[in-house]
Every structure is written in C-alpha cells, then in structure tokens.
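Peer 1: Predicted model and sequence follow; I will ask about them next.
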Amino acid sequence: MSFYAKQLFVCTNRRDNPCRQSCGDDNVGADAVDYLKGHAKAMGLMGVGKLRISSAGCLGRCDEGPVMVLYPQGRWYTYVDETDLQEILDEELANDRVVTRLLLDKPESSE
C-alpha cells in the first residue's frame, strides 16, 4: 500500500536554473497550493493513507495555463480561480469524481 492514496502536484512555475526561463505566474500556483492545502486539511482529506498536496517547480506544460497533476490517477487539471479549485477538492479529491470540464486531456468521445 502506498503511504498516500493520492498525491496532487501543483505547478508553481519556478525554476532554479537561471539559464532556463520560467513561464512565471504571479504566484497563481503558490496561492493555489495554499488554498488547496488549507481547505483539504479542514475537510479532513490530508494525511497518511489519504492525500498529499505538493508544490512542483515546473511540470512542463507552461502553454496550458496553471496546471496540476493527480497521482496515481495521472489526471491533469487546469483552473482559473478558487471556484475551480474548490470543485477539484469537492469532486475529485473528496469523492473520486473526475471534473471533466477542468481536465487538460479530455477523454475522447465515443461518437
């Protein structure tokens, strides 16, 4: 069994190497991490056997806006505001329901 059931990595668009330019985001990613951690703790989602939320300096998908990835599911999400973050918390992180409208890699239609 894994130490955490889920781990969410939130891109904060930071690179320590001055030779590589960061896409930068005016702290949008860092603010998202703070929001998600605070609310996930209040909801009782965090801890051993549950959820871990981590900052990631760069997830390499800079052209797609603010992003996060959830493992082991491997789902990539984007977001615009705290309403989107709360929906990810309430649906995906608390109830294992995919938030399709915020997925970066949308499932292919069966049509």
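Peer 2: Nice, thanks for sending it over.
Peer 1: Just the helices from the chain, written as ranges.
Peer 2: Listed in chain order, the helices of the chain (DSSP state H) span 28-42, 82-87, 94-95.
Peer 1: most packed of the ones you listed?
Peer 2: Per residue and on average, the most neighbours among the helices of the chain fall to helix 28-42, with a mean of 18 (mean count of other Cβ atoms under 10 Å). For every residue, glycine as well, the C-beta is placed using N, CA and C.
Peer 1: and it, how far from the chain's centre?
Peer 2: 10 Å (Cα atoms, centre = their mean, to the nearest Å).
Peer 1: just checking, what packs against that helix?
Peer 2: strand 6-11, strand 51-56, helix 82-87 (3 or more Cβ pairs under 8 Å, 6 or more residues apart in numbering; DSSP states H and E).
Peer 1: Out of those, the one nearest Y35 is which?
Peer 2: helix 82-87 (5.4 Å; Cβ to Cβ).
Peer 1: Need the contact partners of the closest one.
Peer 2: Contacting residues not belonging to helix 82-87 are listed as 32, 35-36, 39, 78-79, 99, 102 [Cβ atoms under 8 Å, 6 or more residues apart in numbering].
Peer 1: rerun that using 6 Å as the cut-off
Peer 2: Residues outside helix 82-87 that contact it (Cβ atoms under 6 Å, 6 or more residues apart in numbering): 32, 35-36, 79, 99, 102.
Peer 1: Widest-spaced pair of those residues?
Peer 2: Y35 and V99 (15.5 Å).
Peer 1: what residue ranges in this protein score low on pLDDT?
Peer 2: 1, 15-25, 109-111 (pLDDT under 70).
Peer 1: I figured V99 hits L89, correct?
Peer 2: No - using Cβ atoms under 6 Å, V99 makes no contact with L89, being 9.8 Å away.
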